[in-house]
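Trainee: Sequence first, then the predicted structure:
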Number of protein chains: 2
Amino acid sequence: MIEESEELIAHMRYAIHLAKKAWGQTHTNPMVGAIIVEEGQIVSEGYHKRSGGKHAEIIALESYEGSPKEETTLFVTLEPCSSEGRTGACTAAIIASGIKHVVIGTLDPNPRHRGGGIALLESAGITVKVGVLEEECREMNMIFNHWIVHKRPFCAIKLAMTIDGCMAASTGHSKWVTGEVARKDVMSWRRLFPAIAVTQNTVSSDNPKLTSRIEDEIFSSRRFVFNRELRDLENYKNYHLFTDDFKSATTVVYGDKASKDHVKTLEANGIESWKINESEGKLDIGEFLRLCAEKEIPGIFIEPGPKLATDLIANGLADYLFIYQAPKLLIDQKGYSLGVDRFSQVMDESIELIDIKRQQFGEDALIRGYLKP
Amino acid sequence: MIEESEELIAHMRYAIHLAKKAWGQTHTNPMVGAIIVEEGQIVSEGYHKRSGGKHAEIIALESYEGSPKEETTLFVTLEPCSSEGRTGACTAAIIASGIKHVVIGTLDPNPRHRGGGIALLESAGITVKVGVLEEECREMNMIFNHWIVHKRPFCAIKLAMTIDGCMAASTGHSKWVTGEVARKDVMSWRRLFPAIAVTQNTVSSDNPKLTSRIEDEIFSSRRFVFNRELRDLENYKNYHLFTDDFKSATTVVYGDKASKDHVKTLEANGIESWKINESEGKLDIGEFLRLCAEKEIPGIFIEPGPKLATDLIANGLADYLFIYQAPKLLIDQKGYSLGVDRFSQVMDESIELIDIKRQQFGEDALIRGYLKP
């Protein structure tokens, strides 16, 4: 067994690096990386490339050409599965390999399986160490961790605002709140999530692409446009979302009270659409999320305006918040900010973020975390 | 001359540590620390204790018992003064000492003297190195640096707010926005500034002490209470600011339209006060700051409510902002936030913070920086 903790950490870091090669490509599965280490050297490696593909441990074991020595150790970022899936249980393969030491990053997030893989390995006489770079191993699979437990999409919101809480000037102008470096970081989250959503307002005013360009590869997740009344249909041809190379990945989400003529226009133009119920003059986003679940979309990255963001947060529909914060103040009571029309009594009525991460991008900061239910 | 940069930095760090022993006690002078180093050892040290007291370099030189060797080096956090003051020019004393190497943290912030000390030292054959831990050396004297150039007080504002920009609930409730660790950090800034100001609103609702307790020493800066109309006089006896051990350090600032009866009550109770002009139904804080300048108060730490904060920021009266930000959202359009009643057109109308520092205190963050003029 490898004892030195610095070495353990370095190996697990490399396994994480491997896992992340499939950043955003494994849904509804998690990203997982695995390596086999002998005498301090990595002698085999693997990562899970896509749902339905081989598990990381299996790839690492299959490409391992030696025969295990006493100290040969398998590192894997996530607890190996103990149930026979499409690709066979990883625990069985590890036991069969003869490797006697396993280092695991984080436990299976599914309470039904949590610890089951470890128990199987240990009962076969394998030494198991758990929790090396635990947080990193867990965090990269925030979407999977949520999906596997709740079976509804992990709903994340991205906002950009000033320190004084403004997302746009009184006119609605918001280009740009944050700087280029922060906006570039958004690309990698767009790449992670299997789906992105914006409102028609955003499409009409900003004409966004919602693609992510990372290392010269342009990628688009599935794109949703919330357009309750099917407004501004006449301009569809002007918008990237309906004309670019990924236009087939765009779905318009409209309300059940939208005009039939508009629906016909939509269909005549070959634009995919989902009809959902309206409630109180708003799209029922809860229903939208249930539809996403049915279609096995495990996570959605919403880039909303202030109104939709407020709705999602105030109604407990958002699970996670990405707030890019620019160190400036708009000092305008009519600027667009979050908030419902209520009369709060005490500060304790606030909604807290938990498991907070802070990063800096140029002069801007990213504050992200789970919305405390 | 000491060549190794790590050693240089370690020595300058110690000189900064010495300087900060007089944290908030040297106004209107800067904090300065000095050491003399021989063969890697600190053989003498000094720091400026209070205005009128000896300069750091002089103390270090006077307690230096050896005679300078070739490599004997004086470290000082701030460029030595070249003009004869109450305590004699430091440059002359350094030259007279025979020390041939001087390491300086940061230049004199006064454009009239900037570089003058170095020129004198160099013309006497002394090697001078400038800029070791420059930012730290400069930043600890943010008040002095401003005062010496502008001859008006360095006006800093402290705010606590949620990520969505709320400073209080709709009711005005604000206890507490941030956690204990963040609130403790405020103590050290209160200790740094020679004066603190709050509004009578804050006194009436929170009854603050505005003292700072650091290492069991309780300290109070001069305290100002903005009370334009001299409201709530009948309750003075209930408030710490007018009854505690530091009550003589409290000054009420009222407007020229306050009732004469109220002014009499104030005087009858022996409460010190300043009368200033009102303009548009508000205290003319610009005049207040000019009065502070006359009284040689080089810096003021204002802990304002949303209205006063907005006024100070929007009217360019604030120089520096301390924003303690709690990772929570009030989601209330009626919560108290910053902002004037205007209609901004574009995000570029924002007021930027520059030279930004970010720190974490528990779950909260402090974002501080200069308001870009």
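Mentor: Nice, I can see it. Numbering: from 1, shown residues only, chains lettered A, B, ... in the order given.
Trainee: give me the element the residue in the stretch 1-150 of chain A that chain B sits nearest to is part of.
Mentor: Nearest residue of the stretch 1-150 of chain A to chain B: A:Glu135, at 16.0 Å (C-beta to the nearest C-beta). Bear in mind the C-beta positions are built from the backbone N, C-alpha and C, glycine included. For A:Glu135, the host element (DSSP states H and E) is helix A:134-139.
Trainee: Quick check: which helices or strands does that helix pack against?
Mentor: Packed against helix A:134-139, as judged by 3 or more C-beta pairs under 8 Å, 6 or more residues apart in numbering or on different chains; DSSP states H and E, are the following elements: helix A:5-19, strand A:101-106.
Trainee: B:Tyr47 is nearest to which of the ones you listed?
Mentor: Nearest to B:Tyr47, of all the helices and strands packed on helix A:134-139, is helix A:5-19, at 40.5 Å by C-beta to C-beta.
Trainee: Could you give the separation of the helix or strand just after that closest one from the chain centroid?
Mentor: For helix A:5-19, the following helix or strand on the C-terminal side (DSSP H and E) is strand A:33-38. Offset of strand A:33-38 from its chain centre (C-alpha atoms, centre = their mean, to the nearest Å): 26 Å.
Trainee: Neighbouring strands of strand A:33-38 in the sheet, and parallel or not?
Mentor: Strand A:33-38 has the following sheet partners, assigned by DSSP bridges: strand A:41-47 (antiparallel), strand A:73-78 (antiparallel).
Trainee: what's in contact with that strand?
Mentor: Strand A:33-38 has contacts (C-beta atoms under 8 Å, 6 or more residues apart in numbering or on different chains) with A:2, A:11, A:14-21, A:42-48, A:56-57, A:59-61, A:64, A:66, A:69, A:71-77, A:99.
Trainee: List the contacts of A:Asn269.
Mentor: Contact partners of A:Asn269, counting by C-beta under 8 Å, 6+ apart, are A:Tyr236, A:Phe242.
Trainee: Could I get the phi/psi values of it?
Mentor: phi -90, psi 0 (degrees, to the nearest 10).
Trainee: Quick check, pLDDT for it.
Mentor: Listed pLDDT for A:Asn269 reads 91.
Trainee: and stretch A:320-339, how far apart are its ends?
Mentor: End-to-end distance of stretch A:320-339 (C-alpha to C-alpha, to the nearest Å): 17 Å.
Trainee: mean confidence for that stretch?
Mentor: Stretch A:320-339 carries an average pLDDT of 97.
Trainee: And that stretch, how far out from the chain middle?
Mentor: With C-alpha atoms, centre = their mean as the basis, the mean position of stretch A:320-339 lies at 23 Å from the chain mean.
Trainee: Kindly report the same for stretch A:314-326.
Mentor: Taking C-alpha atoms, centre = their mean, one finds stretch A:314-326 lying 13 Å from the centre of the chain it belongs to.
Trainee: Is chain B within reach of that stretch?
Mentor: Yes: counting by C-beta under 8 Å from any C-beta of the partner chain, contacts between stretch A:314-326 and chain B involve A:Ala314, A:Ile323, A:Gln325, A:Ala326.
Trainee: which among the contacts of strand A:33-38 end up buried?
Mentor: Among the contacts of strand A:33-38, those classed as buried by 16 or more other C-beta atoms under 10 Å in any protein chain shown are A:2, A:11, A:14-16, A:18-20, A:44-48, A:56-57, A:59-61, A:64, A:72-77, A:99.
Trainee: Need the residues that contact the helix or strand hosting A:Thr202.
Mentor: Assigned by DSSP H and E, A:Thr202 belongs to helix A:200-206. Residues from elsewhere that reach helix A:200-206 (C-beta under 8 Å, 6+ apart): A:172, A:174-175, A:208, A:225-227, A:231-232, A:235, A:239, A:241, A:303-305.
Trainee: How about stretch A:145-158?
Mentor: Residues contacting stretch A:145-158 (C-beta under 8 Å, 6+ apart): A:28, A:30, A:109-111, A:138, A:142-143, A:186, A:189, A:193, A:195, A:289-290, A:292-293, A:297-304, A:309, A:312-313, A:317-322, A:324.
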